[in-house]
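Novice: Any chance you can model this:
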Amino acid sequence: MGFLSFFTKDRKESLDKGLEKTKTNIFSRIAKAVMGKSSVDAEVLDNLEEILVSADVGVSTTLRIIKRIEERVSRDKYIGTDQLNRILKEEIAKLLEENHTSDYTDFTIPDTNGVPYVIMVVGVNGVGKTTTIGKLAHAFAKKGKKVILGAGDTFRAASVEQLTIWSERAGVPLVSKGQNADPAAVSFDVVNKAFLEKYDVVILDTAGRLHNNVNLMNELSKIKRVMQKVIPDAPHEVLLVLDASTGQNAFEQTRQFSLTTEVTALALTKLDGTAKGGVVIGISDEFKIPVKYIGIGERMEDLQVFNKTEFIDSFFSE
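Specialist: Down below sits the predicted model:
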């Protein structure tokens with residue numbers, strides 16, 4: 001039984017469709033780069049480097065990949081251009097394996113000894129943070145988990161209303177104090193309610209801005225402190241949501257949020273709308289933070305757990 005047989009046909013087709021623009025961008029350009037060439041030489045590798053950088057794989061990750069391919073060319077003496085895609089696939093897979101990127105297969109949570117599993121969601125406005133929270137709540141609820149949301153992004157206009165709509169779509173309750181409320185007070189109330197009423201998962205939205213690192217750090221630290229009055233090791237996960245279509249901006253946002261809080265997982269949204277899906281590979285490699293979820297469409301089911309084996313197989317499929 002092949003690995004992909006564990007995944008539904010619909011899931012695989014959704015992933016293939018979601019990565020279509022990136023695949024077309026990269027592999028059509030690789031085909032042009034090797035046209036008329038029989039072996040992988042310096043010119044082919046220079047072209048490949050440019051292609052990967054343009055797909056937002058990232059400069060440092062691209063250079064690592066190119067160096068590995070150069071070493072294989074040198075070691076094996078002759079590698080035909082017809083083998084380039086296979087070798088590229090193998091080296092990207094090895095890179096992700098070495099960075100301990102997990103093969104997530106379903107929406108699951110670790111054992112927390114009977115207390116709610118608390119996910120604090122961070123990210124700038126416009127990346128799909130609220131949508132991701134709603135879809136994540138829906139996915140956990142479908143798995144039979146008792147889920148509750150906290151409306152801690154109280155500063156952006158209409159953010160609370162948007163999360164209210166998503167909580168209703170997902171069929172899960174929401175704790176809210178309205179617009180301009182203290183985010184820390186919201187976080188305390190939702191975690192306390194979850195603890196007393198034995199919820200499985202708490203998903204807390206937070207302010208979507210990066211205008212001042214000191215203020216952001218202070219706010220996130222305060223939120224953590226008040227949650228820990230109820231659950232000492234909360235939050236169990238700090239999920240940074242990024243828009244894959246923003247390319248290098250996603251790298252910079254990861255860098256900035258990593259300076260202000262301990263980001264433990266990433267969600268990459270809007271992969272279906274970009275030709276720069278290589279950002280998934282680059283960010284997971286450069287920051288050593290696991291990509292846990294990817295967004296590949298508008299439907300509730302189009303938020304998928306990230307599985308590197310499945311992703312790479314789809315990425316390199318015809």
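
Novice: so where's the stretch 151-300 of the chain uncertain?
Specialist: Applying pLDDT under 70 to the stretch 151-300 of the chain flags residues 209-213.

Novice: That one: helices as residue ranges?
Specialist: Secondary structure of the stretch 151-300 of the chain (DSSP state H, counting those that start in this stretch): helices at 159-170, 183-196, 213-228, 248-260, 279-287.

Novice: For the longest one, buried residues please.
Specialist: Right, the one you point to is helix 213-228. 216, 219-220, 223-224, 226-227 (16 or more other CB atoms under 10 Å). For the C-beta atoms, the positions are set from N, CA and C on the backbone; glycine is no exception.

Novice: related to what we said a few turns ago, winner for burial among the helices of the stretch 151-300 of the chain?
Specialist: Sort the helices of the stretch 151-300 of the chain by mean neighbour count, taking mean count of other CB atoms under 10 Å, and helix 279-287 sits at the top with a mean of 24.

Novice: Please compute how far that one lies from its chain's middle.
Specialist: Here helix 279-287 is found 10 Å from its chain centre; the criterion is CA atoms, centre = their mean, to the nearest Å.

Novice: Can you lay out the helices of the stretch 151-300 of the chain as JSON lines showing distance to Gly152?
Specialist: Compiled in JSON lines, those are given as follows (distance: least, CB to CB, whole Å):
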{"stretch": "helix 159-170", "distance to Gly152": "9"}
{"stretch": "helix 183-196", "distance to Gly152": "4"}
{"stretch": "helix 213-228", "distance to Gly152": "7"}
{"stretch": "helix 248-260", "distance to Gly152": "15"}
{"stretch": "helix 279-287", "distance to Gly152": "24"}
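
Novice: looking at these, which is closest to Ile92?
Specialist: Smallest distance to Ile92 across those (CB to CB): 6.0 Å, for helix 279-287.

Novice: Thr130 contacts Ser167, doesn't it?
Specialist: No - judged on CB atoms under 8 Å, Thr130 makes no contact with Ser167 at a distance of 10.1 Å.

Novice: Can you name the residues that contact the nearest residue to Thr108 once chain neighbours are set aside?
Specialist: Among residues not flanking Thr108 along the chain, Lys143 sits closest, at 7.4 Å (CB to CB, 6 or more residues apart in numbering). Lys143 makes contacts with 106-108, as judged by CB atoms under 8 Å, 6 or more residues apart in numbering.

Novice: Scan those residues and report the most crowded one.
Specialist: Neighbour counts for those (other CB atoms under 10 Å) peak at Phe107, which has 19 neighbours.

Novice: residues contacting it?
Specialist: 136, 139-140, 142-143, 305.

Novice: Confirm that it sits in a strand.
Specialist: No - assigned with DSSP: H, G, I helix; E, B strand; the rest coil, Phe107 falls outside any strand and is coil.

Novice: how far away is the closest residue to Gln248 other than its chain neighbours from Ile26?
Specialist: Take Gln248 and drop its neighbours on the chain: the residue closest to it by CB to CB, 6+ apart is Asp56, 6.5 Å away. Separation of Asp56 from Ile26 (CB to CB, to the nearest Å): 11 Å.

Novice: More neighbours: those two, which one.
Specialist: Asp56 (28 against 25).

Novice: The more buried one belongs to a helix?
Specialist: No - applying three-state DSSP, one finds Asp56 to be coil, outside a helix.

Novice: Could you pull up the residues touching it?
Specialist: Neighbouring residues of Asp56 by CB under 8 Å, 6+ apart: 247-248, 250-251, 276-279, 282.
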